[in-house]
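*Asks:* When you get a sec, could you give me coordinates for this:
(chains A and B)
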Amino acid sequence: MKHHYWEAPIVIYLFLGGLGGGIFFLASVFDLIVAPGAGPLFFAPVFFALAALALGCFFLVFELGQPPVFWRVFTTKTAIIKWGAVLLTVAMICGFVWWASYLPLLGWQWAAGLAGLLAPVRSLMIGLAGVAGFGIMVYTGVMLSTLKAHAFWATPALPVLFTVSALSTACAAIALSLGGAVDAAGLGLLVEELIREIVHEVDIVLVIAEIVVLLVMVLSFYGAGNVTAQKVAARWVRGRTAPLFWGGMVGGGLLLPLALYLAGAGTAASEVVAPILVLCGGLLLRYLCVYSDERAPIPGEERYYERLKSSDTRFMTAWKQGENKY
Amino acid sequence: MTRYVMVVDQSRCIGCQSCTVACRTWNDLPLDIIYNPVVSEGTKGTFPEVYRTWTPTQCMHCANPECVPCCPTGASQQDDDGTVWVDYAKCMGCKVCVNACPYGMRDVSHVVPRFDQYVRKCTFCRDRRAADPAAEPYCVATCHQRARVFGDIDDPNSEVSKLINTTHTERLFTELGTDPQIYYIPEMGGGAR
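*Replies:* Coordinates of the predicted model:
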């Protein structure tokens, strides 16, 4: 039966968290290992990562029952959500320090002093943000998969799927925004093209991996899951969710961008349309997963709540609207 | 050491929902929250051999609860006597414990103001027992059929110990490893060993 408590803000949070974490991770890999010194090219992507994480945190706090006391999330050691919040905080602080150290790229000379002060810690900051970003990507999936009340979430495949998807959406966002704040020329332009090509190739591999993991997860639930998971998978494969899954997620969010990546290399279809489709696919994946929150009912429970709802709808509606007529 | 459990005798329950009403009254619950629904799969069998069973439910006060370690604020707690409860002063309403409970026995009211929502659940009437250690949860005290029996399973002379040790009992979703502490004596097949 449906056990639905998390709404759209959590969907957006999981998507933006994975996206932001993925950008930080990839930016750190490129800036520290693949193309040292390419930091300025990632000024715009890291800005979008910061914006994504900040917006994601806003939606997470908005979804709380008591938003003003959100800081309580840091008060225990065991909860996985606490570690997610810590990773988000570390990534955002370190990412912001790294980003602020490049502020003069915008022509803001007043920030030159601050940038000079922060420049020595750039590598450390992007390194920490990258590690925390990787943690965030994994955490979004792990958080759901530890909730074993929900048969469709409680699988090791979900963190893998969310991590691959987060990396894929991060590649897409980087492809759209790389070098956004700098006017690269000469060697800089060459490095930008090189990174763009690497990101392009990596995203092709990631999209293929995502298709494989997604289909393995859904079809194995469909064929051999427990009753609850099988019911959800059946809804995805041939039920109410099937048009969104096959048409939106698999077709529009994975196969079409893959085809555009492969067939339209170097064109706007590959460099703009495909990344946008990958981003939409990532959001749709989170939506489909979060709204697949069925749990095994206690015998008779579904019947109880169905009857309660049908007979008390008018009463409940009047109460919720504040009329309190009863 | 004290370890509170409840035995629910389904052969005694007549589905009157008195326990549900008593709980709502004692805990002054919002309209959309029910701690202990009494559910039924409806009439079974073929006429004239028909029967109907009722399953009084509530928080299972699991020995290994899913809802406690996942709480990021420490609001979701377990006492030494096994009672699982929520410290409202610490809860921020993230609903991760609601999603963690395999029995669906935690809830957040939506008829209270939007930004004043916290997670609620059965506490074996912790407040009532604090005022009077001999008191039973209100649902138990209200049940005129004696279908709900509350007590200390670690006390060999308690009624719950005797029932659990001499009668066939069943628990819900034990395969999840939560070790639920509500023991059901099934309507059919609950006879003495």
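*Asks:* which residue sits closest to the most centrally placed residue in chain B, ignoring its sequence neighbours?
*Replies:* Central residue of chain B (Cα atoms, centre = their mean): residue B:58, 2.8 Å from the mean position. Distances taken as Cβ to Cβ, 6 or more residues apart in numbering or on different chains put residue B:36 closest to residue B:58, at 3.8 Å, once the chain neighbours are dropped. From N, CA and C alone the C-beta is placed, and that goes for glycine too.
*Asks:* Let me know how buried that neighbour is, in neighbour terms.
*Replies:* For residue B:36, the neighbour count with other Cβ atoms under 10 Å in any protein chain shown is 21.
*Asks:* ok, so what distance separates it from chain A?
*Replies:* 12 Å (Cβ to the nearest Cβ, to the nearest Å).
*Asks:* Please look at that residue and residue B:124 and confirm they touch.
*Replies:* No - applying Cβ atoms under 8 Å as the test, residue B:36 and residue B:124 come out as separate, 10.8 Å apart.
*Asks:* And the residue nearest to residue B:58, its phi and psi?
*Replies:* For residue B:36, the backbone dihedrals (degrees, to the nearest 10) come out as phi -140, psi 70.
*Asks:* Using the three-state scheme, assign the closest residue to residue A:49 other than its chain neighbours.
*Replies:* Using Cβ to Cβ, 6+ apart and skipping the chain neighbours, the partner closest in space to residue A:49 is residue A:23 (3.7 Å). Three-state assignment for residue A:23 (DSSP: H, G, I helix; E, B strand; the rest coil): helix.
*Asks:* contacting residues around residue A:23?
*Replies:* By Cβ atoms under 8 Å, 6 or more residues apart in numbering or on different chains, the contact list for residue A:23 reads A:45-46, A:48-49, A:52, A:133, A:170, A:173-174.
*Asks:* Among those, which ones are in helices?
*Replies:* A:45-46, A:48-49, A:52, A:133, A:170, A:173-174 (DSSP state H).
*Asks:* Quick check: the residue nearest to the centre of chain B is in a strand.
*Replies:* No - counting by three-state DSSP, residue B:58 is not part of a strand but coil.
*Asks:* What separation do you get for it and residue A:33?
*Replies:* 55 Å (Cβ to Cβ, to the nearest Å).
*Asks:* Likewise for residue B:174?
*Replies:* From residue B:174 to residue A:33 the distance is 49 Å (Cβ to Cβ).
*Asks:* Does residue A:147 touch residue B:100 like I think?
*Replies:* Yes - between residue A:147 and residue B:100 there is a contact under Cβ under 8 Å: 5.2 Å.
*Asks:* Now do the contacts for residue A:113.
*Replies:* Taking Cβ under 8 Å, 6+ apart as the definition, residue A:113 has no contacts.
*Asks:* try it again with 10 Å
*Replies:* For residue A:113, the contact set (Cβ atoms under 10 Å, 6 or more residues apart in numbering or on different chains) comprises residue A:104.
*Asks:* And for residue B:112?
*Replies:* Per Cβ under 10 Å, 6+ apart, neighbours of residue B:112: A:65, B:30-33, B:118, B:120.
*Asks:* Next: residue B:3.
*Replies:* Applying Cβ under 10 Å, 6+ apart, the residues near residue B:3 are B:61, B:63, B:80-83, B:151-155, B:160, B:181.
*Asks:* what does the model give it for pLDDT?
*Replies:* The model reports residue B:3 with a pLDDT of 95.
*Asks:* re the thing from before, list residues touching both of residue A:147 and residue B:100?
*Replies:* B:66, B:70.
*Asks:* Would you point out the most distant pair within the contacts of residue B:3?
*Replies:* B:80 and B:160 (17.5 Å; Cβ to Cβ).
*Asks:* quick one, which of the two is more surrounded?
*Replies:* residue B:160 (22 against 8).
*Asks:* Wait, that one touches residue B:2, no?
*Replies:* No - if you go by Cβ atoms under 10 Å, residue B:160 and residue B:2 don't touch, sitting 11.6 Å apart.
*Asks:* quick one on the thing from earlier: which one among the contacts of residue A:23 gets closest to residue A:117?
*Replies:* Of the contacts of residue A:23, the one sitting nearest to residue A:117 (Cβ to Cβ) turns out to be residue A:46, at 18.3 Å.
*Asks:* Which residue is the nearest non-sequential neighbour of the closest one?
*Replies:* Looking at residue A:46 with Cβ to Cβ, 6+ apart, the closest residue is residue A:99, at 5.0 Å.
*Asks:* Now the helix or strand that the one you found is a member of - C-alpha only, PDB.
*Replies:* Using DSSP states H and E, residue A:99 maps to helix A:80-100. The C-alpha trace of helix A:80-100 is given here as PDB (Å, rounded to 0.1, in the frame of the first residue of the first chain):
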ATOM      1  CA  ILE A  80      22.500   8.900   7.800                       C
ATOM      2  CA  ILE A  81      20.600  12.200   7.200                       C
ATOM      3  CA  LYS A  82      22.900  13.900   9.700                       C
ATOM      4  CA  TRP A  83      25.900  12.800   7.600                       C
ATOM      5  CA  GLY A  84      24.200  14.000   4.500                       C
ATOM      6  CA  ALA A  85      23.700  17.400   6.100                       C
ATOM      7  CA  VAL A  86      27.400  17.500   7.100                       C
ATOM      8  CA  LEU A  87      28.500  16.600   3.600                       C
ATOM      9  CA  LEU A  88      26.300  19.300   2.100                       C
ATOM     10  CA  THR A  89      27.700  21.800   4.500                       C
ATOM     11  CA  VAL A  90      31.300  20.900   3.900                       C
ATOM     12  CA  ALA A  91      30.800  20.900   0.100                       C
ATOM     13  CA  MET A  92      29.000  24.200   0.100                       C
ATOM     14  CA  ILE A  93      31.600  26.000   2.400                       C
ATOM     15  CA  CYS A  94      34.700  24.600   0.600                       C
ATOM     16  CA  GLY A  95      33.100  25.100  -2.800                       C
ATOM     17  CA  PHE A  96      32.200  28.600  -2.000                       C
ATOM     18  CA  VAL A  97      35.700  29.400  -0.800                       C
ATOM     19  CA  TRP A  98      37.200  28.000  -4.000                       C
ATOM     20  CA  TRP A  99      34.600  29.900  -6.100                       C
ATOM     21  CA  ALA A 100      35.300  33.100  -4.200                       C
END
